[in-house]
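Novice: quick one: sequence and predicted model below, then my questions.
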Amino acid sequence: MPQSTLDELAAGMGKPFGVRAVLETADHSLRRADGCTAAQRTALPVAPTATRTYCWDAADTRAWRAGAVTTSGDADDDGWWNDNRVLLSGWSQGSADRGLARVSFVDANDLARLRYASALLVVPVDGGRDYRALSSRLSGMVWYQDKLLVTASDGLYVYDMNRVQRTTVDSAAVGRVDEGWSAHGYRFVLPAVGSYRLTGGSAAPRLGGISLDRSTAPDSLVASEWTAADSDRPARLWRYDFSKDPARPGLPAVDATGAVRTVEAYETEASGIEGVLSHRATGADRSDWYLGRAPAPTDRHGSLWRQDTEGAEATRCGSESAPAAGAPRPVPCPTGKQPARSGPSRAGRCSRCRWSRSTRHWVSRPAPAARADADRQTRHPDDSLAVMTNIPVTTWSLEQNSPADLLPAAAPDGDVRIVRAEVPSPEFSRFLYASVGGTSGGSTGSAGRTRSGRSIWSVRVSRHGSPTTVGRRRGTWSWRHRTTGSWRSSTSA
């Protein structure tokens, strides 16, 4: 974002403020545990239990979706921002590409009395003479030094925590109005000062969660690729070094050409990642990565993956198939803050994760200038992120173009019944998958899934539209061999 654009905006709206100005206007309170609703308490961690619990003002968060959290402990390793301890919570409203995004500034100086105020995230347009809402859904957020990095559906936006602007009109409009400046009823806006894009057009990966890793030198930013929760496509994970240049505080490091390059890149088959963390223990030769996945439709608890290049394990808080409301008390997670690491697995493939180092290098390219009405803005040439070279993929399709193409199946001999398993069983489904895959020659996919743990198979078989149908012949569970057409036994029942 050109400095002249930010100066023009400040000339119209007045001198920018810092974090303290927002905290001083905090007029909403977070409720303690005894003020939380039953539904909110159901979503709390089971083990280890939370030492403190707070719930948001229901009226203020209605129709808003929580997206990410970062704190003054990320901004500065002493945990303070000037003389305040602060929590930042990102929220989105509307669809993935058409809505609003805001950040709630929580005054955490007194943990017995948390209060907050919010600022709308905006993007300056028309050379700073106006602004529009950040209309992309917020998915990740890191406060590092004086910058707030926010991932949205179309890229990564940068905000300066010392450039908060105050609005003058209380209305539903966003931007400049006849009477002054409005932000959908909010008293403050936080204007973007820059942005990064993954080039490649519609084929570019979409950024998901991000977090700060202080266990590396220099400090680094880790990011995950957004994929749908039911996707079978591998998701990518990346690490970027933060700059040590005093002229670029809080921004990713660039090389002599202005390119932002990844220092690590991986693939994982864990889909629907909503949070990513990385940490390297003292003396370790590699980092552990932690991937958070959203809750399944049947309950309110998500799953946590701990992965490295040797293995992975999924630890899921909550019972395997408990409904969201009226459920029995969930089964506790193993004691401790971290799930245990699994042992090494062949070819680096493990439970629902095909974890492999990427051999492709990411190099940034300047993103093209965009239309004023698009969710983009003009940037300096170095205000771009990285681009992954596309990997060639061949897709084979099997088609049936006419009912006459369907050949009638021969009736099996003897006492054979085909039944649907009405009660999902992770162990039984995993056994059948391994048996069928082994008899049919196996594949990369089956090899990976046969090593998957019970929690992942529970998620698979509990999905709506994923029934298990089996055959039984003279009391023995069987399946019909897809090549020979004969019936094969699997085990006695």
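Specialist: That came in fine, so what should we check first? Numbers count the residues shown, from 1 in each chain.
Novice: from now on I want contacts and neighbour counts done on CA atoms only, so please keep to that.
Specialist: OK.
Novice: give me the contacts around whatever helix or strand residue 121 lives in.
Specialist: If you go by DSSP states H and E, residue 121 is part of strand 115-125. With CA atoms under 8 Å, 6 or more residues apart in numbering as the test, strand 115-125 has contacts from 5-6, 9, 22-23, 25-30, 100-108, 130-134, 183, 186-192, 372, 377.
Novice: looking at these, which are in helices?
Specialist: Using DSSP state H to define helices, the subset of the contacts of strand 115-125 located there is 5-6, 9, 22-23.
Novice: the closest residue to residue 227 other than its chain neighbours and residue 302: what is the separation?
Specialist: Nearest non-adjacent residue to residue 227, counting by CA to CA, 6 or more residues apart in numbering: residue 272, 5.2 Å away. Taking CA to CA, to the nearest Å as the measure, residue 272 falls 11 Å from residue 302.
Novice: what mean pLDDT does the strand holding residue 121 get?
Specialist: Averaged over strand 115-125, pLDDT sits at 96.
Novice: over to stretch 399-408?
Specialist: The average pLDDT for stretch 399-408 rounds to 77.
Novice: the chain should start at 25 in everything you say after this.
Specialist: Done: numbering now begins at 25, and the last item shifts to stretch 423-432.
Novice: and the end-to-end length of that stretch?
Specialist: For stretch 423-432, the end-to-end distance is 17 Å (CA to CA).
Novice: with stretch 135-143 instead?
Specialist: With CA to CA as the measure, stretch 135-143 spans 22 Å from end to end.
Novice: one step back: now a PyMOL select for only the buried ones of the contacts of strand 139-149.
Specialist: In PyMOL syntax, the buried subset of these is picked out as below (16 or more other CA atoms under 10 Å):
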select buried, resi 29+30+33+46+47+50+52+53+54+124+125+126+127+128+129+130+131+132+154+155+156+157+158+207+210+211+212+213+214+215+216+401
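Novice: in strands, which of the contacts of strand 139-149 fall?
Specialist: Within the contacts of strand 139-149, residues falling in strands by DSSP state E are 52-53, 124-131, 154-157, 207, 212-216.
Novice: distance of the residue lying closest to residue 128 once chain neighbours are set aside from residue 300?
Specialist: Distances taken as CA to CA, 6+ apart place residue 142 nearest to residue 128, at 4.1 Å, with adjacent residues excluded. Per CA to CA, residue 142 is found 25 Å from residue 300.
Novice: same check on residue 287?
Specialist: Counting by CA to CA, the gap from residue 287 to residue 300 is 16 Å.
Novice: quick one, which of these two is more surrounded?
Specialist: More crowded of residue 287 and residue 300, by other CA atoms under 10 Å: residue 300, with 23 against 12.
Novice: which pLDDT value belongs to the more buried one?
Specialist: The model's pLDDT for residue 300 equals 92.
Novice: do residue 66 as well
Specialist: 81.
Novice: what about the stretch 25-174 of the chain, any weak spots by pLDDT?
Specialist: 71-72, 120-121 (pLDDT under 70).
Novice: same question, the stretch 175-324 of the chain
Specialist: Across the stretch 175-324 of the chain (using pLDDT under 70), the flagged ranges come out as 223, 320-324.
Novice: where along the stretch 75-224 of the chain do the helices fall?
Specialist: Secondary structure of the stretch 75-224 of the chain by DSSP state H, counting those that start in this stretch: the helices cover 82-85, 96-99.
Novice: who touches the last one?
Specialist: Residues outside helix 96-99 that contact it (CA under 8 Å, 6+ apart) are 103-105, 109-111, 166-170, 236.
Novice: and which of the residues you listed is nearest to residue 91?
Specialist: residue 166 (11.7 Å; CA to CA).
Novice: just the element for the closest residue to residue 291 other than its chain neighbours, please.
Specialist: Nearest residue to residue 291 in three dimensions, chain neighbours excluded: residue 260, at 4.5 Å (CA to CA, 6+ apart). For residue 260, the host element (DSSP H and E) is strand 259-265.
Novice: tell me the strands beside that strand, with direction?
Specialist: Each strand that pairs with strand 259-265, with its direction, by DSSP bridges: strand 244-249 (antiparallel), strand 288-292 (antiparallel).
Novice: how about stretch 163-173: buried residues?
Specialist: 163-173.
Novice: among those residues, which are in strands?
Specialist: Taking DSSP E, the ones among those that sit in strands are 164-168, 171-173.
Novice: any idea what residue 444 is bridged to?
Specialist: residue 493.
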